[in-house]
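K.L.:
Sequence below, structure please.
(chains A and B)
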Amino acid sequence: MLAYILRSLMQGLVVMLAVAFIAFSMFRFVGDPVVNMLGQEATLQDRAELTERLGLNDPVALQFARFVGDAARGDFGISYRQGRKVSALIMERLPATVELAVLSALFAFVVGVSLGVYAAIRRDGWIANLVMSLSLIGVSLPTFLIGIGLIYIFAVELRWLPSFGRGDVVMIGWWSTGLLTKTGLQSLVMPVLTLGFLQLTLIMRLVRSEMLEVMRADFIRFARARGIPERRIEFRHALRNTMIPVITIAGVQLGGVIAFAIVTETVFQWPGLGALFVNAVQFVDVPVMSAYLLFVAFVFVVTSLVVDLVYVALDPRLRTGNPAMAK
Amino acid sequence: MSDTTVLSVRDLTVEFVTRRGALRALDQVSFDIGRGEVLGVVGESGAGKSVTGAAIIGLIDPPGRIAGGEIRLDGARIDDLPPEAMRKVRGKRIAMIFQDPLTSLNPLYRVGEQLVETIRTHTSLNAAEARQRAIALLDEVGIPAPERRIDGYPHEFSGGMRQRVVIALALCAEPELVIADEPTTALDVSVQAQIIALIKRICKERGTSVMLVTHDMGVIAETADRVAVMYAGRVAEIGPVRDVVKQPLHPYAQGLMGAIPSLEGDATRLVQIPGSMPRLSAIPPGCAFNPRCSRAFARCHVERPELIRVGSRQVACHLYDGPGAEAAA
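P.N.:
The predicted model follows:
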């Protein structure tokens, strides 16, 4: 059990180091940082001084070690374009993205699992079939189209919801939240629906097919033969077995939701990390780009670690520490 | 039907509806099981043994359905009960043991949780009492240190031990009838005898009737009181196990018994029944066994034999019907 967690942690660490190396390489290949920082009119002496001060004359390995050390302490350098610390920029934008992504993930997971279970239990019902057909639309429509469609209906035509921004936010310490004001909540509705919709349909279809599979298992038949009520078989015996593979896929998906909110943030002018990244790309703001890269990797590593732990909590076969027993 | 009859099946017909019409998996099957009696049911794969068990406990998977006949438990019909009423019969009055103990238990719950769940579904015991009962049951089926093992997960038990847990689960609510559908097929040979002995002992102690579905004639000979031989969805012969095993009447039953290897005597080639059982969609008119029967005559190709009484047993064969029947026997 402990070995299992340690192994997951080690794997995460290796992934982070690999990504850190790529992020570090960006500084060397995407333009010259000295030119980027000093601009066109700098003298040769200025450049030599800065090169020395930035440690760019040191061996590459040492520079990389310094980069990793700084990044581990949350220091990603200074944005070329805005002249502020990248860590401060990220902290400023983080709450917007986290609130959006977590709510989307929650929405996708709760609604997706519920609809999937419903579609599996009422397999031949017309509502289940309708839901399944509609989910095909969700799988095939691009995110930005859904966002623009929602804006057209609810912001332009009906004028119920704001079409862009976060609305009013309240500061709790350094965290800005849109959850406590009416306009903040209204502003969240459409971005959350847009970002969560694709994941919702994927999770729903996955839950349905996994659950149908589990319902054919021998132990379900044996539970029926013992007279266990059908509801209990569905929600206790079948659902937990269904969730094991679903959690894995959903976990990776949800990591993706947090990391790739870019499109949704662009459509809704959402002041989050995705928008920060898009702007950074336009201005070749390498420190911001590399920090964002590390952030995305970090989110994926953490979600997969959490998935591994949930896995252990759900499946006793992984807890005995005997890998041969686990299937 | 006498007072001691627990289960009575009459003209049970089960059909599977397919695109090309209905297939009859069971065709007018009739038999009784007495209180405390072990009825062995034998036959080849696809003869309808398992379907009979599933029909009795009300768990035929669609598109299968009971198309005719009736099933009575203690004299009261159970084949037409509404689903919720039938659910209460399952596990409480009729229990079932399946073939593969490795997949019969939910891998995510402790065996104790599954036992307690079943006990509390059918009785009014509270959680603590149900746990005590579960421990007693595990002890009874021969699980060592049950008060500790009750908190184990299924994967921590061996195959034979898991089948013991399955038996304990089946006995939770003291059913009148246990349907054991090839309970030893998936187990090691060395464990098979133990499990069969366990089922026999427990049911004898409790007066529980057993319908033992198997294709192992040795198991039948050792365990059953009576035996029903099934062929192509019908009962070919049914009677006391001594008579049927020693001196089968139906040509199919004769072939089946002749195919049992014997330890005594010369190692001769085993008797083999020529051909194979017809598919459900291609059952010949008359007696279903006629294409493979060496003693078939004109009547066998036209008229379907009904079960008729011959001495202590019933047999569905024209050889024993009408004039000259004795000579044929």
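K.L.:
Just give me the neighbour total for the residue in chain A that chain B sits nearest to.
P.N.:
The nearest approach of chain A to chain B comes at residue A:227, 3.1 Å away (Cβ to the nearest Cβ). (Glycine included, C-beta is placed from N, CA and C.) By the other Cβ atoms under 10 Å in any protein chain shown criterion, the neighbourhood of residue A:227 contains 23 residues.
K.L.:
hang on, isn't it packed against residue B:122?
P.N.:
Yes. Applying Cβ atoms under 8 Å, one finds residue A:227 in contact with residue B:122, separated by 6.3 Å.
K.L.:
Could you tell me which residues touch both of those two?
P.N.:
Shared contacts of residue A:227 and residue B:122 (Cβ atoms under 8 Å, 6 or more residues apart in numbering or on different chains): B:88, B:91, B:92, B:173.
K.L.:
Selecting buried members of those residues in PyMOL, what would you type?
P.N.:
Only the buried entries of the shared contacts of residue A:227 and residue B:122 go into this PyMOL selection, using 16 or more other Cβ atoms under 10 Å in any protein chain shown:
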select buried, chain B and resi 91+92+173
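K.L.:
can I get the shared contacts of residue A:227 and residue B:122 in a markdown table with secondary structure, distance to chain A and pLDDT?
P.N.:
Shown next, in a markdown table, are the shared contacts of residue A:227 and residue B:122 (DSSP: H, G, I helix; E, B strand; the rest coil; distance: Cβ to the nearest Cβ, whole Å; pLDDT from 0 to 100):
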| residue | secondary structure | distance to chain A | pLDDT |
| --- | --- | --- | --- |
| B:88 | helix | 6 | 89 |
| B:91 | coil | 3 | 88 |
| B:92 | coil | 6 | 89 |
| B:173 | coil | 8 | 87 |
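K.L.:
residues touching residue B:106, list them.
P.N.:
Going by Cβ under 8 Å, 6+ apart, residue B:106 touches A:219, A:223, A:237, A:241, B:114, B:154.
K.L.:
Nearest residue to residue A:84 in space, ignoring adjacent ones along the chain?
P.N.:
Once flanking residues are discounted, residue A:84 sits nearest to residue A:78: 6.8 Å by Cβ to Cβ, 6 or more residues apart in numbering or on different chains.
K.L.:
Next one: that neighbour, what pLDDT does it get?
P.N.:
Residue A:78 carries a pLDDT value of 81.
K.L.:
just residue A:259 next, same as before
P.N.:
At residue A:259, the model reports a pLDDT of 68.
K.L.:
Same question for the one 5 residues further on.
P.N.:
Residue-level confidence at residue A:264 comes out at 87, pLDDT.
K.L.:
For it, what is the enclosing helix or strand?
P.N.:
helix A:262-267 (DSSP states H and E).
K.L.:
Find me the pLDDT at residue 161, would you?
P.N.:
Looking at chain A here, since you left the chain open. Reported pLDDT for residue A:161: 84.
K.L.:
that's the other chain; I wanted chain B
P.N.:
90.
K.L.:
Could I get the contacting residues of it?
P.N.:
The contact partners of residue B:161, by Cβ under 8 Å, 6+ apart, come to residue B:143.
K.L.:
What lies in contact with stretch A:266-284?
P.N.:
So stretch A:266-284 is contacted by A:30-31, A:36, A:79-81, A:89-90, A:93-94, A:96-97, A:100, A:143-144, A:147-148, A:151, A:163-166, A:190-191, A:194, A:260-265, A:285, A:288-289, A:292, A:295 (Cβ under 8 Å, 6+ apart).
K.L.:
Please disregard the earlier target; I meant stretch B:285-292.
P.N.:
B:231-234, B:236, B:250-252, B:255, B:273-275, B:278, B:284, B:293, B:296, B:299-305, B:316-318.
K.L.:
What residues does chain B have near chain A?
P.N.:
Within chain B, the positions lying close to chain A (Cβ under 8 Å from any Cβ of the partner chain) are B:57, B:59, B:87-92, B:95-96, B:98, B:100, B:103-110, B:117-118, B:121-122, B:153, B:155-156, B:166, B:169-170, B:172-173.
K.L.:
Filter these down to just the ones in helices.
P.N.:
Taking DSSP state H as the definition of helices, these contribute B:57, B:87-89, B:103-104, B:117-118, B:121-122, B:166, B:169-170.
K.L.:
and the two most separated of these?
P.N.:
Pairwise distances across those (Cβ to Cβ) peak at 25.3 Å, for the pair B:88 and B:103.
K.L.:
which residues in chain A form strands?
P.N.:
Ranges of strands in chain A, per DSSP state E, are A:170-172, A:175-177.
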